[in-house]
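In: my questions concern the predicted model and sequence given below.
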Amino acid sequence: MKRKVIVFGATGEIGGRIAHLAVQAGHEVTGVCRTPRDTGINMEGVHFIYGDKYNDSFMESLASKEFDAVIDTIPNDRVIDRCQKYFPNAKNVFFCSSTGTYVPLQYFPADENHPWQKDTGVNFYH
């Protein structure tokens, strides 16, 4: 079954892989990120939208698109409330994250400034 999927954090390590696999599975995928950047992952087939999930106007513009599945790779308490507010008809909402990608953490919460895209000898780059 083809689904309309939105992935928040789609240019990160986990989000990029999830978006790529969702496209491979035949889903229509929208990737959300704050800024364009190269993930090193094949992102062909992912429709990118740039914005901040904490911006109400941006989220309202997404809410009209009626996604079947919402995936957030940088979850926190605020995100749960926002998903309920802006995607009330989503059949599935997933939170998929791992600080293990960013070992050792330079600060918390971890973000895209951590050295996950290069082999540091202590992260899970491979």
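Out: That came through fine. It should be emphasised that the depicted structure is a prediction, and the values quoted were computed from it without experimental measurement.

In: need the strands for this protein, in chain order.
Out: Counting by DSSP state E, the chain has these strands, from start to end: 4-8, 28-33, 46-50, 69-72, 92-95.

In: how far out from the middle of the chain is the third one?
Out: Relative to the chain's own centre, strand 46-50 is displaced by 11 Å; criterion: CA atoms, centre = their mean, to the nearest Å.

In: again with the first one
Out: Between the centre of strand 4-8 and the centre of its host chain there is 8 Å, according to CA atoms, centre = their mean.

In: the inter-axis angle of the least confident helix or strand in the chain by mean pLDDT versus strand 4-8?
Out: Every helix and strand in the chain was compared by mean pLDDT, DSSP states H and E; the lowest is helix 77-86, with a mean of 85. Calculated by axes from the mean of the first three to the mean of the last three CA atoms, to 10 degrees, helix 77-86 forms an angle of 150 degrees with strand 4-8.

In: buried ones in helix 77-86, by neighbour count?
Out: For helix 77-86, the neighbour count (16 or more other CB atoms under 10 Å) marks 79, 82-83, 86 as buried. Where C-beta positions appear, they are placed from N, C-alpha and C, glycine not excepted.

In: let me know the closest of these to residue 25.
Out: residue 83 (21.5 Å; CB to CB).

In: so who does the nearest residue to that closest one once chain neighbours are set aside touch?
Out: Sequence neighbours aside, residue 93 is the residue nearest to residue 83 in space, at 5.1 Å (criterion: CB to CB, 6 or more residues apart in numbering). Going by CB atoms under 8 Å, 6 or more residues apart in numbering, residue 93 touches 69-72, 83, 87.
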